[in-house]
Structures are given as structure tokens and as C-alpha cells.
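>>> here is a sequence with its predicted model. Questions after.
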Amino acid sequence: MIIPTEPIGSIPRTPELIRAFADRQAGRISAEEFDGVAAEALRDTVRRFEQTGSPVITDGEQTKPSFATYPLDGLANIAPGGVTIAFEDGHTRQLPKLTAGPFRYAVRASKYLAAARQLTSLPVKQAVISASALSLLYPAEGLASYSRDAFLTDLVGEAASDIRECLDHGADSVQIDFTEARLALKLDPSGALLENFVALNNDVLDSLTPEERSRVGVHTCPGGDQDSTHSADVDYAGLLPVLFRLRAARFYVQLASEREPKRVLDIIRQQLQPGQFVFVGVIDPMQPTAETPSLVRDRVLLAAEYLPLSQLGSTDDCGFAPFADDVSTSRDIAFAKIQARVEGTAMAAEELSKSTKANRGGALQ
């Protein structure tokens, strides 16, 4: 028996790369110098991913400025001053805002995928930002020559193309980062904003073929940045029934850091539909020490009590460093956690396999 296990995406950047991001922004190094540092960080990330035994890897999002803003890198029609997201420890992240249309991606995720695939023979998963997150770029006051409806039409097309290009360029799967889902209920407890977000993302998914959708998943978590979250206080019970209405095949659900994992698993059991596969979080990136494989095993075994094994996998709750300047977790700890997830998931699979064989043997007697 094999239980699939996958990472979410980001790995803490090397110290050299973090400095290079700052130096590039300040104009202290050239684009060529930055690319050289980034290439070395990517090589090291892929090598260390392979050493964990992970059956699927990512590029660690090493050269993304952030998981959310990579499509905007280089755009001329954005400006500071967009939506501000507050985290529980008091720090904030602010999105830019659109200043004119039309909206087009400046960078596509297939760029990162191609660089990683040149360095490994392992399957590479690619994370992309959701259309709903980018919908927040449109200013509340509107744009005189570019309506919100026109923007959303362009956005859906760009987001679908981002996914399709990754699949066409050999991604094992594509993961839509939908971390603003839980935040939507904090911003609008009525649920209307969340419903709008899900409808927008379904417009993107409906633009894909059934075969393409079978390789697309959605990740949800309460945000994770500098060891703090933006919406962990929002009850999962309000999110999960709406989340599983997304027309995706795979769901990556933060669980390890939840206070009541059994309650969450019971909700997932009620909402999971045939043809949907759920990867439950068994690693908490914000905990400063690595989980043991035995702890991961126990978390997988708990999930197996609630969910069909044919629809169950394991993952990390969130990426380890979704923003390029996040130094809250070391690379060593991140890779130790990933290795523990791989080993612990294999331990759980072995135990479940033995249990299944024993039950079959008893039934034959």
C-alpha cells in the first residue's frame, strides 16, 4: 500500500538569495548577478528535496518574490497601496493595486517549472496563485476606462493560461494557492465574499478540460508568514463545505496545526465527493522543531479512521516561506520536516497494509 505525499511549495531561501533579492530591489546588483545566485539556490533546493526521498518535489518557489505576486513582477500598470492583510502577530502584507487595464501576467509559473525540471528526473509539482487572490488588485473606487467585469474576464483567462501552460510544460500537477479562502470569512462573516471567490475560481477551472482538471488541486490554510497566521481563528466549519464545491480533483488541507483535528476530519468526511482526493496536513511549518516520523505516522493513521484510503494523502500545512524575505524557519528544519513527512507517511502505509492483511486473514478463517 502506498499513501501519496506531496509538499505544498515554498522552501526558505538561502541567505545568499535573500540578500540578492534585497540588493536587486535596491539596484545594487545586476539582473545577471541575481540570476546566478538564484540558479545556485534552486540547484541546492532540488538536490536537498531529492535527498528527503520525496516522490514529488517543487522548485521551493526560490525565485518568486512571493507566492501571490509573481505574475506582477515587472508590470507597469500596478502601484503600491492595495489591500492590506493583517497577521496575528501584528505584521502586515500589502498587495499592490491595478492602475489601468488591460490586466495581463508579466510572469507565468511555467518559467519556474521549466528551471526545476532541468535539474531533476522526479515529478515536479507547480504552485500558482488563485484568481480570487489577484481579484483583490482591482481598486475599490474602480477604473474609469476598465470595468471590474472586464478585469475579471481578463483575470480568468490569464489564470487558466497559467495553469494550462504548466501542465503543457510537464508539471506533475498544479496547485492553486487559495489561502485567502479562510480570510474571506474573517473579512465578511456572511460568506458572500467566499462564495464570490469560489465562483471565480470555478470559472477558471471550467476553462480547463476534464483531463487538465484531474491534475489540478487547491490548497487552503489560515495563512503562514513569519510564524504567524491571518485567519486561524476562523472556524473551518464555515469554510470546508464551500471549499469542496470547487471543481478541482485534489485538495490540500491544513490540519496539523488545528486544535480539533478529529472535528475537522469529520467535516471533511461529510463533504468529500467521489473523484476528489484530499491531502491532509501532517506537518506544521510554524513549529520550530521537526516532527518525528512516528508523530506523522499517527496523524496519517488518524486521518485514515475518517477518510477512504483511496482518497487520502499527506502534505504540509503550508509552505515554509511564501514571501522572499521570510527567515522565520531555517532550510535545515524545513527539509527535516519534509523527510519526516515522507518517512512517517510510509510507516502509516505499512501499518495500514499489515492491518488490512490481518483482517483479510481473519475473515478467511
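Structure's in. What do you need?

>>> quick one: distance of the helix or strand hosting residue 263 to the chain centre.
According to DSSP states H and E, residue 263 maps onto helix 261-271. Here helix 261-271 is found 20 Å from its chain centre; the criterion is CA atoms, centre = their mean, to the nearest Å.

>>> then the next helix-or-strand element following that helix to PDB, C-alphas only?
Using DSSP H and E, the helix or strand that directly follows helix 261-271 along the chain is strand 277-283. Provided in PDB are the C-alpha atoms of strand 277-283 (Å, rounded to 0.1, in the frame of the first residue of the first chain):
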ATOM      1  CA  PHE A 277      -8.600  13.400  -3.300                       C
ATOM      2  CA  VAL A 278      -7.600  15.100  -0.100                       C
ATOM      3  CA  PHE A 279      -4.000  15.600   1.200                       C
ATOM      4  CA  VAL A 280      -4.200  16.300   4.900                       C
ATOM      5  CA  GLY A 281      -1.600  18.400   6.600                       C
ATOM      6  CA  VAL A 282       0.600  16.400   8.900                       C
ATOM      7  CA  ILE A 283       3.500  19.000   9.300                       C
END
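
>>> strand 277-283 pairs with which strands, parallel or anti?
The strands beside strand 277-283 in its sheet (DSSP bridges) come out as strand 250-253 (parallel), strand 312-316 (parallel).

>>> and the helix or strand following the longest one, what does it pack onto?
Same thing as strand 312-316. The helix or strand immediately downstream of strand 312-316 is helix 331-364, counting by DSSP H and E. For helix 331-364, the packing partners by 3 or more CB pairs under 8 Å, 6 or more residues apart in numbering; DSSP states H and E come out as helix 31-51, strand 277-283, helix 293-306, strand 312-316. Just so you know, the C-beta spots here come from the backbone N, C-alpha and C atoms, and that holds for glycine as well.

>>> would you mark the buried spots in the third one?
Buried positions in helix 293-306, judged by neighbour count with 16 or more other CB atoms under 10 Å: 293, 296, 297, 298, 299, 300, 301, 302, 303, 304, 306.

>>> quick one: which of the helices and strands packed on helix 331-364 is nearest residue 68?
Smallest distance to residue 68 across the helices and strands packed on helix 331-364 (CB to CB): 17.8 Å, for strand 312-316.

>>> returning to that earlier point: from the buried residues of helix 293-306, which single one is nearest residue 34?
Using CB to CB, those come closest to residue 34 at residue 296, 36.3 Å.

>>> shouldn't that closest one be in contact with residue 343?
Yes. With contacts defined as CB atoms under 8 Å, residue 296 counts as touching residue 343 at a distance of 7.3 Å.

>>> who does the residue most central in space within the chain bridge with?
For the chain, the residue nearest the mean C-alpha position is residue 177 (4.2 Å; CA atoms, centre = their mean). Beta-bridge partners for residue 177, by DSSP bridges, are residue 129, residue 219.

>>> could you give the angle of the helix holding residue 263 to strand 312-316?
Interaxial angle, helix 261-271 versus strand 312-316 (axes from the mean of the first three to the mean of the last three CA atoms, to 10 degrees): 130 degrees.

>>> avg pLDDT for helix 261-271?
If you average the pLDDT over helix 261-271, you get 98.

>>> just want the angle from it to helix 293-306.
Using the same axes, to 10 degrees: helix 261-271 against helix 293-306 is 40 degrees.

>>> only alpha carbons, please: show helix 261-271 as PDB.
Coordinates of the C-alpha atoms in helix 261-271 are reproduced here as PDB (Å, rounded to 0.1, in the frame of the first residue of the first chain):
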ATOM      1  CA  PRO A 261      -8.300  17.600  14.100                       C
ATOM      2  CA  LYS A 262     -10.900  15.000  14.700                       C
ATOM      3  CA  ARG A 263     -13.700  17.500  14.200                       C
ATOM      4  CA  VAL A 264     -12.100  18.800  11.000                       C
ATOM      5  CA  LEU A 265     -11.700  15.300   9.700                       C
ATOM      6  CA  ASP A 266     -15.300  14.600  10.400                       C
ATOM      7  CA  ILE A 267     -16.300  17.700   8.400                       C
ATOM      8  CA  ILE A 268     -14.100  16.600   5.500                       C
ATOM      9  CA  ARG A 269     -15.600  13.100   5.600                       C
ATOM     10  CA  GLN A 270     -19.000  14.600   5.200                       C
ATOM     11  CA  GLN A 271     -18.000  16.900   2.300                       C
END
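
>>> quick check: buried residues in that helix?
Quick answer for helix 261-271 (16+ other CB under 10 Å): 261, 264, 265, 267, 268, 271.

>>> which neighbouring elements make contact with it?
Other helices and strands packing on helix 261-271, by 3+ CB pairs under 8 Å, 6+ apart, are helix 236-243, strand 277-283, helix 293-306.

>>> out of the strands paired with strand 277-283, flag the one nearest residue 116.
The nearest among the strands paired with strand 277-283, by CB to CB, is strand 312-316 at 17.7 Å.

>>> chain center to that closest one, what's the gap?
12 Å.
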